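Peer 1: This is a predicted model, with the sequence first.
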Amino acid sequence: MYDYDLFVIGAGSGGVRAARMAAGFGARVAIAEDRYMGGTCVNVGCIPKKLYSYAAHYHYDFEDSRRFGWSGLEPAFNWATLRDNKKQEISRLNGIYDKILDKAGVQLIKGRAVISGPHGVVVEGKSHSAAHILVATGGWPFVPAIRGHELAVTSNEIFDLASFPERILIVGGGYIAVEFAGIFAGLGSHTTLSYRGDTPLKGFDADIRQAFFSEMQKHVKTLMATNIESITKGADGSLRVGFEEGHQEVFDCVLYATGRKPNTAGLGLENTKVSFNANGSIKVGDGFQTAEPSIYALGDVIGRVALTPVALAEGMLLARRLFAAGAGTMNYDNIPTAVFSHPNIGTVGLSEEQARSRFPDGIRIFKSDFRHLRHTLSGRDERTFIKLIVNKSDDRVVGIHMVGADAGEIIQGFAVAMNCGLTKAQLDTTIGIHPTVAEELVTLREESSQG
Ligand code: FAD
């Protein structure tokens with residue numbers, strides 16, 4: 001009756017995973033993509049960001065190596081080398097996505113898809129029909145309409161700048177803003193972060209925000225509680241930024257990292273009964289079904305948790321529900337996450353604030369603030385901070401947070417334990433690996449506070 005069992009719009013993290021899994025269950029699947037295979041994560045998100053973060057960390061590694069006996073290092077950074085090698089790697093990954101879909105038997109249709117009705121999609125003038133349509137179109141950077149905003153760049157453009165910015169202003173206080181601040185400071189830019197709040201990373205545990213903020217200020221000039229009024233271009237190409245608070249500063253590049261909006265414009269959703277949440281994200285139920293029963297949505301476009309592994313999990317769940325009689329729902333608790341800032345942040349579970357309101361019988365807090373063994377010799381003034389939150393009534397660990405090198409790598413394993421119901425007593429009986437930073441989490445004995 002229809003050309004396909006499932007038509008997926010968007011070959012990003014969620015769309016590709018749903019398409020592959022559905023095809024694996026025997027469904028006839030097509031996927032449309034109008035920009036780049038692999039979506040945001042592969043092309044302008046997680047992957048290039050992490051590669052640039054590695055590049056930035058070499059700066060500190062070179063410096064730190066001196067007191068370990070290395071000399072004669074006068075490294076110079078070349079932006080074009082990093083940018084062009086990154087491009088090559090991303091092209092390789094784009095090709096892999098093409099192949100994966102082809103091998104899975106998914107029909108790849110290159111072009112912009114517009115929904116024409118509950119079962120209809122048009123791509124480049126050609127109509128297709130499907131029993132189910134999945135909207136997995138992701139998000140898009142949001143830039144406020146200040147005067148001269150068109151002179152600013154977003155995360156979509158920043159990786160491919162024609163030349164390296166000696167002076168960069170990053171606007172925003174979320175994880176993407178602080179990651180780019182770490183990257184550009186590490187690569188050698190004079191980096192300034194402007195944020196309208198008083199401390200970056202709203203929503204993270206307050207101690208983590210504070211510990212990270214004091215580390216970041218060692219590398220980045222921070223202008224908190226500031227708002228940009230205008231950007232104007234000088235004759236030499238530099239950008240003059242006027243702040244509402246009255247002063248002006250000149251930069252070579254202004255990067256806006258002020259949030260992302262669901263990518264739904266021009267998608268033809270007005271031809272359906274699909275409804276929206278207040279922030280413009282698509283409203284779905286537990287099974288990712290929209291108000292139009294044949295249309296589903298997942299990933300960043302539904303505005304729940306904008307992370308690649310979450311979009312992947314949602315995609316798998318939907319494919320199972322539609323084509324393998326799966327009935328499970330997505331569990332959004334204990335999603336571990338990392339901020340690849342300098343230094344890294346790793347976190348899983350509740351912040352202290354959330355835990356206090358969730359557990360009326362009280363919580364126990366354990367903290368450790370110490371100098372990484374490496375820096376006893378390198379001489380670097382960098383602290384590592386670890387925080388553990390325990391529910392007093394049943395001894396369950398409900399939050400683990402860390403600021404320090406490799407925090408993401410460390411927290412991933414502890415997240416598995418938390419999902420298995422980890423208690424503080426079990427942490428206490430676990431033998432540490434010495435000497436590591438992670439062992440600190442199994443040797444926290446002194447309670448910092450109770451509540
Ligand atoms: P996307 O991956 O955005 O894919 C949507 C796709 O749909 C795109 O390819 C788009 O071109 C296509 N599309 C849109 N409209 C149409 C249309 N009408 N027709 C055809 N195709 C269309 N997450 C992490 O987990 N870890 C990280 O370290 C991390 N870092 C990030 C860094 C940055 C700078 C950014 C911006 C994001 C980062 N993320 C990270 C978030 C992650 O990239 C997203 O959560 C993830 O990509 C969402 O997947 P998705 O499938 O919902 O959408």
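Peer 2: The structure has been received and is ready for your questions. Numbering: from 1, shown residues only.

Peer 1: Only C-alpha atoms from now on, for both contacts and neighbour counts.
Peer 2: Will do.

Peer 1: Is stretch 401-418 positioned near the ligand?
Peer 2: No - if you take CA under 6 Å from any ligand atom as the test, stretch 401-418 misses the ligand, and the best it gets is 9.9 Å.

Peer 1: Would you mind listing the buried residues in that stretch?
Peer 2: Under the neighbour-count criterion of 16 or more other CA atoms under 10 Å, stretch 401-418 has 401-408, 410-412, 414-415, 418 buried.

Peer 1: Just want the most central residue of this protein.
Peer 2: Most central in the chain under CA atoms, centre = their mean is L307, positioned 5.4 Å from the mean C-alpha point.

Peer 1: Name the nearest residue to G237, ignoring sequence neighbours.
Peer 2: In this structure, G237 finds its nearest non-sequential neighbour in D252, 7.5 Å apart by CA to CA, 6 or more residues apart in numbering.

Peer 1: With S163 as the reference, measure out to that neighbour.
Peer 2: Separation of D252 from S163 (CA to CA, to the nearest Å) stands at 10 Å.

Peer 1: neighbour-wise, which of these two wins?
Peer 2: Between D252 and S163, D252 has the larger neighbour count (other CA atoms under 10 Å), namely 19 against 12.

Peer 1: helices or strands up against the host helix or strand of T376?
Peer 2: Using DSSP states H and E, T376 sits within helix 373-378. Judged by 3 or more CA pairs under 8 Å, 6 or more residues apart in numbering; DSSP states H and E, the packing partners of helix 373-378 are helix 46-65.

Peer 1: need the next SSE after the helix it packs on, C-terminal direction.
Peer 2: Using DSSP H and E, the first helix or strand after helix 46-65 is helix 79-104.

Peer 1: List the contacts of the next helix or strand along the chain from that next one.
Peer 2: As assigned by DSSP H and E, the chain's next helix or strand after helix 79-104 is strand 107-110. Under the criterion CA atoms under 8 Å, 6 or more residues apart in numbering, residues 29-34, 98, 101-102, 123 lie in contact with strand 107-110.

Peer 1: and if we set it to 10 Å?
Peer 2: With contact meaning CA atoms under 10 Å, 6 or more residues apart in numbering, strand 107-110 is reached by 4, 7-11, 19, 23, 28-37, 98, 101-102, 123-124.

Peer 1: quick revisit: pull the helix holding T376 out as CSV, backbone CA atoms only.
Peer 2: Taking C-alpha atoms only, helix 373-378 is exported to CSV below (Å, rounded to 0.1, in the frame of the first residue of the first chain):
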residue,chain,number,x,y,z
LEU,A,373,49.9,13.4,40.8
ARG,A,374,51.1,14.6,37.4
HIS,A,375,51.0,18.2,38.5
THR,A,376,53.2,17.6,41.5
LEU,A,377,56.0,17.4,39.0
SER,A,378,54.6,19.5,36.1
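
Peer 1: List of residues touching it?
Peer 2: Contacts for helix 373-378 (CA under 10 Å, 6+ apart): 60-61, 63-69, 372, 380-383, 435-437.

Peer 1: Can you say which of the residues you listed are buried?
Peer 2: Judged by 16+ other CA under 10 Å, buried ones among these: 63-64, 372, 382-383, 437.

Peer 1: Tell me the buried residues in stretch 239-257?
Peer 2: Neighbour counts over stretch 239-257 (16+ other CA under 10 Å) mark 239-243, 250-257 as buried.

Peer 1: ok, now stretch 224-232?
Peer 2: By neighbour count with 16+ other CA under 10 Å, stretch 224-232 contains the buried residues 224, 226-232.

Peer 1: Helices - which of the residues you listed land there?
Peer 2: Among the buried residues of stretch 224-232, no member falls in helices (criterion: DSSP state H).

Peer 1: Assign a three-state SS to A185, would you?
Peer 2: On the three-state scheme (DSSP: H, G, I helix; E, B strand; the rest coil), A185 is labelled helix.

Peer 1: For it, which residues are in contact?
Peer 2: Counted by CA under 10 Å, 6+ apart, A185 has contacts 56-57, 59, 166-168, 179, 191-192, 216, 219-221, 342.

Peer 1: filter the contacts of strand 107-110 down to the ones near the ligand?
Peer 2: 9-11, 32-37.

Peer 1: I'd like the buried residues of stretch 239-257 written out as CSV, with distance to G15 added.
Peer 2: Shown next, in CSV, are the buried residues of stretch 239-257 (distance: CA to CA, whole Å):
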residue, distance to G15
L239, 38
R240, 41
V241, 39
G242, 41
F243, 40
V250, 41
F251, 38
D252, 37
C253, 33
V254, 32
L255, 28
Y256, 27
A257, 24
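
Peer 1: Just the closest of these to the ligand, please.
Peer 2: Nearest to the ligand among the buried residues of stretch 239-257: A257, at 8.3 Å, using CA to the nearest ligand atom.

Peer 1: before we move on, the earlier item: tell me which two in the buried residues of stretch 401-418 are the farthest apart.
Peer 2: A405 and M418 (21.2 Å; CA to CA).

Peer 1: Just the helices from the chain, written as ranges.
Peer 2: Secondary structure of the chain (DSSP H): helices located at 13-24, 39-44, 46-65, 79-104, 155-158, 175-187, 206-216, 308-323, 352-358, 373-378, 407-419, 424-429.

Peer 1: residues in contact with A325?
Peer 2: Contact analysis of A325 by CA under 10 Å, 6+ apart lists A319.

Peer 1: On the pLDDT front, check it for me.
Peer 2: Here the pLDDT value assigned to A325 is 89.

Peer 1: roughly how far apart are it and A130?
Peer 2: 19 Å.

Peer 1: repeat for N419
Peer 2: The gap separating N419 from A130 is 38 Å, by CA to CA.

Peer 1: pretty sure R112 contacts V122?
Peer 2: Yes - using CA atoms under 10 Å, R112 makes contact with V122 at a distance of 8.2 Å.

Peer 1: shared neighbours of these two, which are they?
Peer 2: Joint contacts of R112 and V122 (CA under 10 Å, 6+ apart) are A32.

Peer 1: That concludes my questions; thank you for your assistance.
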